[in-house]
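1. My questions concern the predicted model and sequence given below.
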Amino acid sequence: MQSNFVKAGLFAAALVIAFIFSWEIYLRNNGNTISYDDGEPLWSDKRAKVYLPSDQATVFIGSSRIKYDLDIPTWENLTGDKAVQLAFVGSSPLPVLFHLADDPEFKGKMIIDVVEGLLFGSNPMMFKRPNESIDYYKKRTPTQRASFQVNHFLESNFVFLNSEYFTINRYLTELRIPDRSGVMGEPLFPKEFGRISFERQRSMTEEFVKDTNLQKQVKDIWAFFGRALKEPPPQGAKLDSILQSIKVAVNKIKSRGGEVIFVRPPSSGPYLMAEQKGFPREKYWNKLLKYTSTPGIHFKDDPATANFVCPEFSHLSPEDAITYTKALIRTLEQKGWKFPYKPAAQKQLAANK
Amino acid sequence: MLFNSYSFIVFFLILLVLHNKVPLPWKIKKINLLFASYLFYALWNPPFVILLWLSTAVDFFVGKKLYYAEGDRNRKFLLVISLICNLGMLGFFKYGGFLLDNFVALMSVLGIDYQPAKPNIILPVGISFYTFQTLSYTLDMYRRKSEPERSLLDFSLFVTFFPQLVAGPIVRPNQLLPQFKVPHVASSKQFVQGLMLLSLGLFMKVVLADSMLSGTADAVFAAQNALHPLDAWMGVLAFSGQIFFDFAGYSTCAIGIAACLGFSLPDNFLYPYAAVGFSDFWRRWHITLSSWLRDYLYIPLGGNRVKKVRIYWNLMATMLIGGLWHGAAWTFVVWGGLHGLYLCIEKFIHDVRKKHAPLQLETITPAPVVVQGYSFAPAFFKKVASSNFSLALLTFFLVNITWVFFRATDFTTAWRLLSSMFGNVSNGAAILTTVAVIKVAIITIFLVAFHWMMRNTKVMNVAAKMSWWALGIIWAVMLIILLLTQYSSSAFIYFQF
């Protein structure tokens, strides 16, 4: 009986190891690459980096647009500045803005990505993920930090460790069993739409950039959200209240010596048209800058960024993200932002070449 | 530290090597285990280790004095010191906010506007479990049921032994302390069985509770509007499965981890959803808590050796306190009260039947003690009276009603959900996807069927009868599904108790 259990254990171990390697090889052969879990532990790891000296780091908050559009290697190579990516997909930047504004130790540079529908929105789902992550960061235990380090090592080596795409629940959802009327199932983004780097940058795969069918799947999802979220843009006192809360938070950061700037990244096609219709620039973007007395960079104001075509209307391709990041750095410098480590970074870049 | 975390795997591997492979004196191994247990606990919130030390020191020294002290007054005084220390900590950390809220509500009823500062009390993980564990030692000393423990090291390990420290099983002194007296190292069979139980526990927790069921339960219990009856029922059944897989999963992990180190812990769950009636349910669900409540509360209150009315009162009081043990909210008290009511009704029916037709009783009453080593086989079904299965389903149905109060954050949510479940609303919203409904339905059917098939046996007995290759395949499938689930580590529900 004793050997029966031991034999079963050894047999199970052999089967599991065989499965892991077969599965890993299969996924790699299908063009899948390493992608990290963009959950609370990874966000908390980056959140802890906001205390770097202000001349060495810039914090980015917002939504998926800045996660796709900011090419972090380009940013870091050209500025010598660490990019601390704290944006959340499909979320409002406000919880993180308020959280950092209330942290007296944060005195650094901050770039706020403005997607009007999210910045001025009030749907609870837009706040859920940021609030949960902030809560996780505040309560992070030593064991969670240790687990994160082990997880980082494993995720860096195994493609199959991808909690977004290669899980049983994902495969069950892919069966696309029709739902009852009135039930709002979660839309499925194609796997090629998002690879996540350890620095929390999201990138489309080459296949996605080329394949218009994949792009159409995502466009359909935007249309679905457009139909599902019928929240009217805030106006009057409601809008003023949002602007006032942003102003207070921004002023708190500025009063400690920090710098803040708003950035409106590119969108295109019908998505951009819907945004322009729902949130006219004059009433929202311009008012935001004026009300908060804070500078801003709108993609339409720079000829280098004004005419990007986003593959799925809302985010830039990896190639365009590099162009956009370079243009963003140039504009920031024109607006007086200093990157003291830029010469050293560029020297290093030249040496590497 | 969570069993379902990478940091635990590293911690456990180091400890396994130190304990099972390095030739160290037994005392050093126990010191290692004690240090590891404190580390295991401290990695949540280091300052709370002080509470463990306090509880250990008070119960060790007071317990010893209590055993040898002469005179009733002296002994009662010592008992009160221990109770104040243990229950005082539990009361402050767990029930402080609850008591304050109720005091404010009472003042409001009396027309007094009292607005105290909201206390920001963090609940130390597992405080209810280790408090009950140390209390059992003190009460045993008071009753002179066993000799006091002489070794502070062994006693500290009894209080802190990490596999069961934060969510049980609640171990009695005589179950664990003797194991620390002689060297324990896992045999290869015990080690492999321990790993198997650990795998099974993680499968229950990560795959079934967290990945398959928790989302549905959360969505339904968070709904702000009335629901379609199908959605309401699926949400409650999902929670029913989630709470079982979560808690039984933890206990299974704990038993498996202890086995890997050469120790044995008592069973905490024996297929409770196959229970026929509520006394049977409480012999199968959270066994170490229900037996604790029986031995240290129900029996001292008089148990069933008193007048009938008093028996009903004892049952109800025990279950109400059991409910409050789970959480500082009136919803938990109602949950306990419902179980108390069910037990009273069951006892009443039992007494009436006994009076009128004592022989018929055998057909509906389950065996009082679960038969060990009973093989599960198709022939088993033939022996089962169909009426018993119907009664098991009725018990399961009634248990689900109680879970509504257990899971709902307030009575408004509980009533809304109960109204939705019984179709007492019009145009209830459909919120669950078809995939979610199918997952809950399949898991619930398998859960009840599996419990029914296994109700008179144990998983290890079944595993021992299987061929090595079949067992290996089942084990591997479980691990592969676990790997493919990739659910972020989340805390076990019972940690909050």
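-> Alright, I've got the coordinates.
2. where in chain A is pLDDT low?
-> A:1-2, A:353 (pLDDT under 70).
3. Need the nearest residue in space to the spatially most central residue of it, chain neighbours excluded.
-> With distances taken as CA atoms, centre = their mean, residue A:67 lies nearest the centre of chain A, 3.4 Å away. Spatially, and ignoring its direct neighbours in sequence, residue A:67 is nearest to residue A:202 (4.4 Å; CB to CB, 6 or more residues apart in numbering or on different chains). Using the backbone N, CA and C atoms, a C-beta is placed for each residue, glycine as well.
4. Which helix or which strand is home to whichever residue of chain B sits closest to chain A?
-> Of the residues in chain B, the one nearest chain A is residue B:472, at a distance of 3.1 Å by CB to the nearest CB. Residue B:472 belongs to helix B:468-485 when elements are defined using DSSP states H and E.
5. Now residue 310. Nearest residue, chain neighbours left out?
-> No chain specified, so I'll use chain A. Excluding the flanking residues, the one nearest residue A:310 by CB to CB, 6+ apart is residue A:268, at 4.6 Å.
6. actually it's chain B I care about, not the one you picked
-> residue B:302 (5.9 Å).
7. ok, how many other residues are close to that neighbour?
-> 13 (other CB atoms under 10 Å in any protein chain shown).
8. what do you get for the one 4 residues further on?
-> When counting by other CB under 10 Å, one arrives at 12 neighbours for residue B:306.
9. now swap in residue A:244 and tell me
-> Neighbours of residue A:244 using other CB under 10 Å come to 13.
10. Bridging across strands, which residues link to the residue nearest to residue A:67?
-> residue A:196 (DSSP bridges).
11. Contacts only, for it.
-> Residues in contact with residue A:202 (CB atoms under 8 Å, 6 or more residues apart in numbering or on different chains) are A:38, A:64, A:67-68, A:89, A:194-196, A:315.
12. which ones among those residues are found in strands?
-> Members of the contacts of residue A:202 lying in strands (criterion: DSSP state E): A:195-196.
13. Can you tell me which of the contacts of residue A:202 is nearest chain B?
-> The closest of these, once distances to chain B are taken by CB to the nearest CB, is residue A:38, at 11.1 Å.
14. which one is residue B:469 nearest to, not counting chain neighbours?
-> Using CB to CB, 6+ apart, the closest residue to residue B:469 is residue A:11 (6.1 Å).
15. host element of that neighbour?
-> Going by DSSP H and E, residue A:11 is part of helix A:2-29.
16. what's the answer for residue B:289, then?
-> helix B:287-293.
17. for that helix, what is the average pLDDT?
-> On average, the pLDDT along helix B:287-293 is 92.
18. before we move on, the earlier item: tell me which residues touch the residue nearest to residue A:310, please.
-> Per CB under 8 Å, 6+ apart, neighbours of residue A:268: A:308-310, A:313.
19. ditto for residue B:134
-> B:55-56, B:59, B:86, B:159.
20. Tell me which of these fall in helices.
-> Using DSSP state H, the subset of those located in helices is B:55-56, B:59, B:86, B:159.
21. May I ask which of these has the most neighbours?
-> residue B:59 (26 neighbours).
22. How is the chain divided into domains?
-> Assuming you mean chain A. Domains of chain A are assigned by automatic domain parsing as A:1-30, A:40-352.
23. hm, I was asking about chain B
-> As assigned by automatic domain parsing, chain B contains the domains B:6-185, B:190-276+B:366-496.
24. hey, which of those domains is tucked in deepest?
-> domain B:190-276+B:366-496 (a mean of 19; mean count of other CB atoms under 10 Å in any protein chain shown).
25. Test my guess that the residue nearest to the centre of chain A contacts residue A:201.
-> Yes. Counting by CB atoms under 8 Å, residue A:67 does reach residue A:201; the two are 6.2 Å apart.
26. which residues do those two both contact?
-> residue A:85.
27. Spit out the contact partners of the nearest residue to residue B:273 once chain neighbours are set aside.
-> In this structure, residue B:273 finds its nearest non-sequential neighbour in residue B:451, 4.4 Å apart by CB to CB, 6+ apart. For residue B:451, the contact set (CB under 8 Å, 6+ apart) comprises B:271-274.
28. Check residue B:443 too.
-> Residue B:443 touches B:208, B:212-213, B:241, counting by CB under 8 Å, 6+ apart.
29. before we move on, what about residue B:444?
-> B:237, B:240-241.
30. try 10 Å this time
-> Taking CB atoms under 10 Å, 6 or more residues apart in numbering or on different chains as the criterion, residue B:444 is in contact with B:213, B:233-234, B:237-238, B:240-241, B:273, B:396, B:400.
31. Over to residue A:292?
-> A:112, A:243-244, A:246-251, A:254, A:260, A:262.
32. again, but for residue A:133
-> A:39-44, A:47, A:86, A:88, A:91, A:95-96, A:99.
33. one more time with 8 Å
-> Residue A:133 neighbours (CB under 8 Å, 6+ apart): A:39-40, A:43-44, A:47, A:88.
34. For the residues you listed, could you give me JSON lines that also reports distance to residue B:458 and neighbour count?
-> What follows is the contacts of residue A:133, written out as JSON lines (distance: CB to CB, whole Å; neighbours: other CB atoms under 10 Å in any protein chain shown):
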{"residue": "A:39", "distance to residue B:458": "37", "neighbour count": "18"}
{"residue": "A:40", "distance to residue B:458": "38", "neighbour count": "20"}
{"residue": "A:43", "distance to residue B:458": "43", "neighbour count": "23"}
{"residue": "A:44", "distance to residue B:458": "41", "neighbour count": "19"}
{"residue": "A:47", "distance to residue B:458": "46", "neighbour count": "23"}
{"residue": "A:88", "distance to residue B:458": "46", "neighbour count": "27"}
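35. CSV for those, including distance to chain B?
-> Shown next, in CSV, are the contacts of residue A:133 (distance: CB to the nearest CB, whole Å):
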residue, distance to chain B
A:39, 6
A:40, 8
A:43, 12
A:44, 12
A:47, 17
A:88, 16
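36. Now, the residues you listed that are in helices?
-> Those of these lying in helices (DSSP H): A:40, A:43-44, A:47.
37. right, and the pair among these with maximum separation?
-> Farthest apart among the ones in helices among the contacts of residue A:133 by CB to CB are A:40 and A:47. That separation is 9.7 Å.
38. Look up phi and psi at residue A:70.
-> Main-chain torsions, residue A:70, degrees, to the nearest 10: phi -90, psi 120.
39. The residue of chain B closest to chain A and residue A:7 touch, don't they?
-> Yes. Residue B:472 is within contact range of residue A:7, at 7.1 Å (criterion: CB under 8 Å).
40. Mind naming the longest helix for chain B?
-> Longest helix of chain B, by residue count under DSSP H: helix B:229-260.
41. so how far is the first residue of stretch B:13-30 from its last?
-> By CA to CA, to the nearest Å, the extent of stretch B:13-30 from end to end equals 17 Å.
42. whoops, stretch B:446-466 was the one
-> Terminal-residue distance, stretch B:446-466 (CA to CA): 20 Å.
43. So what's the gap between it and the chain middle?
-> Mean-position distance between stretch B:446-466 and its chain equals 20 Å (CA atoms, centre = their mean, to the nearest Å).
44. Okay, now the unreliable bits of the stretch 151-300 of chain B?
-> In the stretch 151-300 of chain B (pLDDT under 70), no residue qualifies.
45. who in it is up against chain A?
-> Counting by CB under 8 Å from any CB of the partner chain, the residues of the stretch 151-300 of chain B close to chain A are B:187-189, B:192-193, B:195-196, B:207, B:211-212.
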